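> the following comprises the amino acid sequence and a computationally predicted model.
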Amino acid sequence: MSTTTDTLPEAAPAKAGARQWLGLAVLLLPVTLMTADLGVLWLATPYLAADLRPSGAQLLWITDIYGFLTASTLVIMGTLGDRLGRRRLLMAGSAGFLLASLLAAYAPNAGTLIAARALLGVAGAAVLPSTLALISHMFADARQRATAIAMWVTALSVGLAIGPIVGGVLLASWWWGSVFLIGLPIMLVALVTAPVLLPEYRDPRPGRLDLPSVALFLLAVLPLVYGVKSLAAHGVTAEAGAAFAAGIAFTLLFVRRQNRLATPLLDLGLFRSRAFTGALLTLLLGMTALNGVEYLVPQYLQAVAGLSPLAAGLWLLPGAAGLIAGSQLTPPLARRFRPAYVLVGGLLVSLTGYAAVALATGVAVASLGLTVIMFGAAPISVLGTALAVGAAPPEKAGAAAATGQTAYDLGLALGIAVTGSVAVAVYRNGIPGDAPAAARESLGGAAAVADEGLLTTARESFTTALQSASALSAGFALLTAVLVLVLLRGVPRIAPDASERP
């Protein structure tokens with residue numbers, strides 16, 4: 001005879017109310033700041049270089065150290081959030097970001113600015129996984145969670161869109177340090193409202209934090225990220241090879257230690273899930289494909305088409321709009337079709353964009369191609385993140401979110417490293433061998449030579465390099481589509497809520 005519990009339907013997850021949606025708005029503010037801060041720095045670089053007079057290496061570190069530290073500490077911060085409390089870590093990261101922004105704005109020299117940017121990277125690593133982990137806790141309903149994550153991705157896109165505009169407005173009237181001050185009111189709002197609107201959640205049985213694992217993780221990730229950066233800047237060198245070798249060696253030691261611990265820093269059991277592993281690979285390779293072209297198109301708009309930074313930023317706005325539109329369209333599509341089919345459909349759409357960029361003959365075509373690419377790539381950010389977080393138990397959501405964000409950031413870095421190396425090789429191949437060394441290094445160097453004929457050749461060579469990079473990125477997109485079908489085809493679609501069921 002069946003018991004009563006055998007016949008009762010499973011209770012549906014509780015729906016989020018007004019407080020949760022207001023809390024989401026608070027979470028989206030610092031997320032928007034993360035990408036806006038990057039965009040305004042790109043425009044401010046010539047001004048701070050003229051004021052602080054950094055060396056070439058220092059200028060590279062001013063630009064790169066933020067992402068370098070963020071990617072290296074995301075997993076550690078996500079795990080700390082699971083242990084110490086996600087709201088607490090979010091507030092600590094917001095306070096750190098606020099103070100580091102002040103230090104960066106009034107930095108008296110390049111060394112201080114590099115240190116401030118490093119602190120911003122660590123603070124950002126505390127903020128990002130905390131926001132995603134809190135979203136997974138606040139929105140138990142799968143449909144609402146997917147919508148909230150789509151809004152999280154949209155916030156990243158909005159920051160990307162407004163960053164160049166805000167930077168252009170500020171730099172028209174204020175000094176370069178003003179671009180760092182936009183974070184102050186945003187982080188103050190987060191600090192004041194978080195205790196009221198955001199819940200606190202931590203792993204009820206976190207276990208002891210294994211400090212040797214923290215050290216091994218840093219020793220594994222830092223050399224790998226540095227190797228990627230070095231590969232992008234200098235190509236294949238002994239220094240990059242040594243960095244990769246050290247990173248791989250410490251990765252093996254880290255994995256060995258995690259398998260022996262009762263409460264590891266990173267639960268490697270998560271990788272036994274096809275959904276989790278597939279989501280990470282989708283984020284890694286999908287972002288590699290996207291960023292390989294995304295970082296070259298702005299250079300094409302400025303160096304080849306001759307646009308000002310602000311004008312180039314305006315032509316990039318349609319791309320951000322495409323990412324926003326694709327992010328908002330993804331959740332309803334995922335309720336009708338399996339996530340794998342939505343992802344593959346988006347990747348196939350993006351292939352037309354890569355083709356357009358590969359044939360770019362002007363500003364409008366390049367902008368349109370990038371818009372199509374970002375529209376098609378949007379499901380990767382939305383569903384890749386959602387699948388990674390959803391595949392983990394609630395008490396491990398912070399570590400899962402941080403691991404997903406690390407895959408996302410490393411994909412962005414690999415996009416620049418791999419396609420950047422190809423683009424540099426193609427560019428140099430198109431420059432005459434007797435040209436000055438500066439002209440062979442970059443299009444900017446060719447412009448400095450002040451030879452109109454050489455500059456024309458350099459612009460044509462850069463366009464060819466962009467076309468080659470776009471073709472390579474299309475190959476990464478196709479590889480991503482194959483992996484999605486192999487690893488994620490069995491993941492069910494997001495179920496509609498009870499009101500939509502027949």
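Ah, there it is.
> so how far is Ala320 from Gly376?
14 Å (C-beta to C-beta, to the nearest Å). Where you see a C-beta, it was placed from the backbone N, CA and C, and this is true even at glycine.
> mind listing what Val158 touches?
Thr32, Ala320, Ile324 (C-beta atoms under 8 Å, 6 or more residues apart in numbering).
> counting neighbours, what do you get for the second one?
Here the number of neighbours of Ala320 (other C-beta atoms under 10 Å) works out to 25.
> same question for Trp175.
14.
> so it is in contact with Tyr47, correct?
Yes: using C-beta atoms under 8 Å, Trp175 is in contact with Tyr47, at 7.4 Å.
> the nearest residue to Ala356 once chain neighbours are set aside: what's it in contact with?
Once flanking residues are discounted, Ala356 sits nearest to Gly369: 3.2 Å by C-beta to C-beta, 6 or more residues apart in numbering. Contact analysis of Gly369 by C-beta under 8 Å, 6+ apart lists Val297, Gly353, Tyr354, Ala355, Ala356, Val357, Ala358, Ala360, Ser470.
> of the residues you listed, select the buried ones using a ChimeraX command.
Entered in ChimeraX, the line below selects the buried ones among the contacts of Gly369, by 16 or more other C-beta atoms under 10 Å:
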select :297,353,354,356,357,358,360,470
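> inside helices: which ones of the contacts of Gly369?
Val297, Gly353, Tyr354, Ala355, Ala356, Val357, Ala358, Ser470 (DSSP state H).
> gap between the fourth one and Leu368?
Translated: Ala355. For Ala355 relative to Leu368 (C-beta to C-beta), the value is 11 Å.
> quick one: which of the contacts of Val158 is nearest Arg256?
Of all the contacts of Val158, Thr32 has the smallest distance to Arg256: 39.8 Å, by C-beta to C-beta.
> what distance separates the helix or strand where the closest one lies from the centre of its chain?
Element membership for Thr32 (DSSP states H and E) is helix 18-52. Relative to the centre of its chain, helix 18-52 is centred 13 Å away, using C-alpha atoms, centre = their mean, to the nearest Å.
> can you pull the buried residues of whatever helix or strand comes next after it?
Following helix 18-52 in sequence order, the next helix or strand is helix 56-84 (DSSP H and E). The neighbour-count check on helix 56-84 (16+ other C-beta under 10 Å) flags 58-59, 61-84 as buried.
> cool, and stretch 380-396?
Result for stretch 380-396 [16+ other C-beta under 10 Å]: buried residues 380-392, 394-396.
> ok so, going back, turn the contacts of Gly369 into CSV, including distance to Leu454 and pLDDT.
What follows is those, written out as CSV (distance: C-beta to C-beta, whole Å; pLDDT from 0 to 100):
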residue, distance to Leu454, pLDDT
Val297, 23, 82
Gly353, 31, 93
Tyr354, 29, 92
Ala355, 30, 90
Ala356, 29, 90
Val357, 25, 87
Ala358, 25, 85
Ala360, 22, 69
Ser470, 25, 89
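> columns distance to Glu460 on top of the contacts of Gly369, output as a markdown table?
Putting the contacts of Gly369 into a markdown table (distance: C-beta to C-beta, whole Å) gives the following:
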| residue | distance to Glu460 |
| --- | --- |
| Val297 | 17 |
| Gly353 | 22 |
| Tyr354 | 20 |
| Ala355 | 20 |
| Ala356 | 19 |
| Val357 | 16 |
| Ala358 | 15 |
| Ala360 | 12 |
| Ser470 | 16 |
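> and which of the contacts of Gly369 is nearest Tyr201?
Taking these together and measuring to Tyr201 by C-beta to C-beta, the closest member is Gly353, at 39.3 Å.
> contacts only, for that closest one.
Leu368, Gly369, Leu370, Thr371, Val372, Ile373, Met374, Phe375, Gly376.
> keep only those of those that are in helices.
Leu368, Gly369, Leu370, Thr371, Val372, Ile373, Met374, Phe375, Gly376.
> just those now: which is nearest Val484?
Distances from Val484 to those, taken by C-beta to C-beta, are shortest for Gly376, at 12.9 Å.
> strands of this structure, start to end?
Using DSSP state E, the chain contains no strands.
> tell me the pLDDT at the residue most central in space within it?
Nearest to the mean C-alpha position of the chain, counting by C-alpha atoms, centre = their mean, stands Asp409 at 4.4 Å. For Asp409, the model assigns a pLDDT of 70.
> return the distance of it relative to Thr79.
For Asp409, the distance to Thr79 - C-beta to C-beta - is 16 Å.
> the domain parsing of the chain - what is it?
The record's domain parsing of the chain by automatic domain parsing lists 17-199, 211-264, 273-491.
> what's the first-to-last distance across the longest one?
Meaning domain 273-491. Start-to-end span of domain 273-491 (C-alpha to C-alpha, to the nearest Å) is 11 Å.
> same deal with the second one?
The distance separating the two terminal residues of domain 211-264, taken as C-alpha to C-alpha, comes to 10 Å.
> mean confidence score for it?
81.
> give the contact list for the residue lying closest to Leu351 once chain neighbours are set aside.
Spatial nearest neighbour of Leu351, excluding adjacent residues (C-beta to C-beta, 6+ apart): Ala474 at 5.6 Å. By C-beta under 8 Å, 6+ apart, the contact list for Ala474 reads Ala289, Leu351, Tyr354, Ala355, Ala358.
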